[in-house]
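J.: everything below, folded, please.
(2 chains)
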Amino acid sequence: MAEDKSNAEAYWKANLRLITGCMIVWALVSYGFAILLRPLLSGIPVGGTDLGFWFAQQGSILTFIGLIFFYAWKMNRLDKKFGLGE
Amino acid sequence: MSQFLINVLFVGASFAIYIGIAIWAKAGSTKDFYVAGGGVHPVTNGMAIGADWMSAASFISMAGLIAAGGYANSTFLMGWTGGYVLLAMLLAPYLRKFGKFTVPEFIGDRFYSRTARMVAVICLIVASVTYVIGQMAGAGVAFSRFLEVDATTGLIIAAVVVFFYSVLGGMKGITYTQVAQYIVLIIAYTIPAVFISLELTGNPLPALGLFSDHNASGEPLLSKLNEVVTALGFNAYTAMVDNKLNMVLFTLSLMIGTAGLPHVIMRFFTVPKVADARWSAGWALVFIGLLYLTAPAVASMARLNLMTTIYPDMAGQVENYEDATTNPIAYESRPDWIRTWEETGLITFEDKNNDGNIQFYNNAADFSERGWEGNELEVNNDILVLANPEIANLPGWVIGLIAAGGLAAALSTAAGLLLAISSAISHDLIKGAINPNISEKSELMAARISMSVAIVVATYLGANPPGFAAQVVALAFGIAAASLFPVLMMGIFSKRVNNKGAIAGMLSGLIFTLVYIFIYKGWFFIPGTNNLPDTPENWVLGISPLSIGAVGAIINFAVAYLVSNATEQPPQEIQDLVESVRYPKGAGGAIDH
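T.: Predicted coordinates:
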């Protein structure tokens, strides 16, 4: 029972770590690159404008898609590793 | 064949498909009605979420908003997609594991409080009703423009179709019609965009065309567009935004609001496993992304097309933009699509300097030395996508497709919202509070009756939209962001937040957000009752009432945390419930009550 509990706790901690990492990327591409840090990226040209504009209109969406699939794939592995999947 | 007949044929065929699906997918139990039996494949669910989510606002209005605002309105692109990251990681898998039918049901069980459940029901109904008005009104516009019936008749036709598949099939009928509607709407959106991208840039993929060179001038499309619009006194299309705080908060409000909207969350209850809830969030964003990556291309290309239609001298390589802007077309020689849309009142022309030409420029700029006495052409943002095929001279069947696509977008979202409303009434209000001993059969009947009533109310409000219809969408996102999202998230990620904390948090987030909106937009949106003018100088710290939901959410989190820590721990069985939603094991059985 105690072992079950610590196993479950470890699973939840691993999940929280993974979420935190993904959330940092999520915030970085949208609030960072596309808005607040856009002036810093203005030197990198992309098709008649700059990298920040690309992140605002396309890059952030592509990153979001990648993030969700990465998270789903990682969680499937965690479910198996800790034996808590269905 | 006349354009009218083509439109009728396309819309009629799509409606026939929806009705066929309804007959095939009839709901036999409350489980079928609320969660489509719980056996929907994640890819299917992703597609249904795409149609459920992409409303008349995404299909019809968004590209127009981006065309008008350029970079500044990228907020809609990021805001309406970034919420899926939050759903996939913070809400969907755990709520699926919880395995009940509605969002208020989770709030009521987790916070062991009927009051909390009822507050959630009210938030859900207000957010969903305001949202559904916009869908019905959007369907009305599409009907009146393309099918030459008046908006009310059009709405009644649409309501009968929605009635058929949602009352009969519930979530089961809605799921499979949404899949069909997604296919119709994505084809309708993409085909004209591909043609326009080919014509302007030679690139068949609009998303890539956006960053390619413009054929006629040889310059990158976006630099060309910047030159054209700045020559007419508009802000550069890709210009930076000064008020970054407001841009961040607006995007955040849209993201949190998206994640907190019950009609979207409910779709995750329909998949068999927790892992499927995660995958379907990913698939949903793939299907949404197909449209959202095309939309900014449609926006900039349509803006350029519109400008060069009025000022043909600016179309190709331009030596001197000053000269190129002196030669707009004469009103008499305007293209047919301007004539068609003038009839709807969505394009208006007023010859202020009586020279017979169309001067189209930023009204705030001063061109009086040229004898221009003000901007003469008003173009409603909403027509951009609908008029796109006509602007690009595409064949009649593409126009018919756009008509069917716009209706698919509006009706699929309306059906999802109506299901959220009716299940809150039959499951949370009737079974949860008024008559807990109601039989399965009677509950199913109650769900069907409340769905029917909701359709009648939505149709009436769609035909007679309150004057504030455009404003209330902000209200829907504000409510979802400030009240529902934070308590759902805390209910999963904190064992300490108790009933008192959750209720105090929801109410303070909600009231703060509503008051801030009402101060600028008028109390209950009654014109003239606002305390301060709705202009950036009057906003606190430059935060617009549309962006305030994010602040309301932060207040909700803070109040819930403080109140919970000052009061007792939740009972042990609630802490065990939180534990159990965190681990996927055993989700399959949980759905059976």
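J.: now do the helices in chain A.
T.: Along chain A, counting by DSSP state H, helices occupy A:2-27, A:38-41, A:51-54, A:60-81.
J.: so the residue nearest to B:Asn375 when sequence neighbours are not counted, which state does it fall into?
T.: Spatial nearest neighbour of B:Asn375, excluding adjacent residues (Cβ to Cβ, 6 or more residues apart in numbering or on different chains): B:Asn363 at 4.1 Å. Quick note: C-beta positions are derived from backbone N, CA and C, even for glycine. Counting by DSSP: H, G, I helix; E, B strand; the rest coil, the backbone at B:Asn363 sits in coil.
J.: count the residues that sit near B:Asn363.
T.: Neighbour count for B:Asn363, taken as other Cβ atoms under 10 Å in any protein chain shown: 12.
J.: do I have it right that it meets B:Trp372?
T.: No: B:Asn363 is beyond contact range of B:Trp372, at 10.1 Å (criterion: Cβ atoms under 8 Å).
J.: who does the helix or strand of chain A with the lowest mean pLDDT touch, helix- and strand-wise?
T.: Scoring the helices and strands of chain A by mean pLDDT, DSSP states H and E places strand A:45-46 at the bottom, with a mean of 91. For strand A:45-46, the packing partners by 3 or more Cβ pairs under 8 Å, 6 or more residues apart in numbering or on different chains; DSSP states H and E come out as helix A:51-54.
J.: low-scoring pLDDT stretches of chain A, where are they?
T.: For chain A, the stretches with pLDDT under 70 are A:1-2.
J.: ok, 80 please
T.: A:1-3 (pLDDT under 80).
J.: nearest the geometric middle of it, what residue?
T.: Nearest to the geometric centre of chain A sits A:Cys22, at 2.3 Å (Cα atoms, centre = their mean).
J.: list the contacts for the closest residue in space to B:Leu541 that isn't next to it in sequence?
T.: Once flanking residues are discounted, B:Leu541 sits nearest to B:Leu245: 6.6 Å by Cβ to Cβ, 6+ apart. Neighbouring residues of B:Leu245 by Cβ atoms under 8 Å, 6 or more residues apart in numbering or on different chains: B:541-543.
J.: out of these, which are buried?
T.: B:Ile543 (16 or more other Cβ atoms under 10 Å in any protein chain shown).
J.: possible to save the contacts of B:Leu245 as CSV with secondary structure?
T.: Listed next are the contacts of B:Leu245 as CSV, based on three-state DSSP:
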residue, secondary structure
B:Leu541, helix
B:Gly542, helix
B:Ile543, coil
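J.: what's the first-to-last distance across stretch B:92-109?
T.: Using Cα to Cα, to the nearest Å, the end-to-end distance of stretch B:92-109 comes to 17 Å.
J.: distance from the strand or helix carrying B:Ile49 to the middle of the chain?
T.: If you go by DSSP states H and E, B:Ile49 is part of helix B:42-53. Put simply, helix B:42-53 sits 14 Å off its chain's centre (Cα atoms, centre = their mean, to the nearest Å).
J.: can you tell if that helix touches chain A?
T.: No: Helix B:42-53 lies apart from chain A when judged by Cβ under 8 Å from any Cβ of the partner chain; the minimum separation is 9.2 Å.
J.: that helix vs helix A:60-81, what angle?
T.: Between helix B:42-53 and helix A:60-81, the angle comes out at 140 degrees (axes from the mean of the first three to the mean of the last three Cα atoms, to 10 degrees).
J.: show me what helix B:42-53 is packed up against.
T.: Applying 3+ Cβ pairs under 8 Å, 6+ apart, one finds that helix B:42-53 contacts helix B:151-201, helix B:262-265, helix B:274-310, helix B:396-423.
J.: who in the stretch 251-400 of chain B is up against chain A?
T.: So far as Cβ under 8 Å from any Cβ goes, the stretch 251-400 of chain B lies against chain A at B:251-252, B:273-275, B:278-279, B:281-282, B:285-286, B:289, B:292-293, B:296.
J.: among those residues, which two are most distant?
T.: For these, the farthest-apart pair by Cβ to Cβ is B:Lys273 and B:Pro296; their separation is 35.1 Å.
J.: now do the contacts for residue 58.
T.: Picked chain A for this. Residues near A:Gln58 by Cβ under 8 Å, 6+ apart: B:77, B:207, B:210, B:293, B:296.
J.: you answered for a different chain; I wanted chain B.
T.: Contacts of B:Ser58 by Cβ under 8 Å, 6+ apart are B:80, B:291-292, B:295, B:409.
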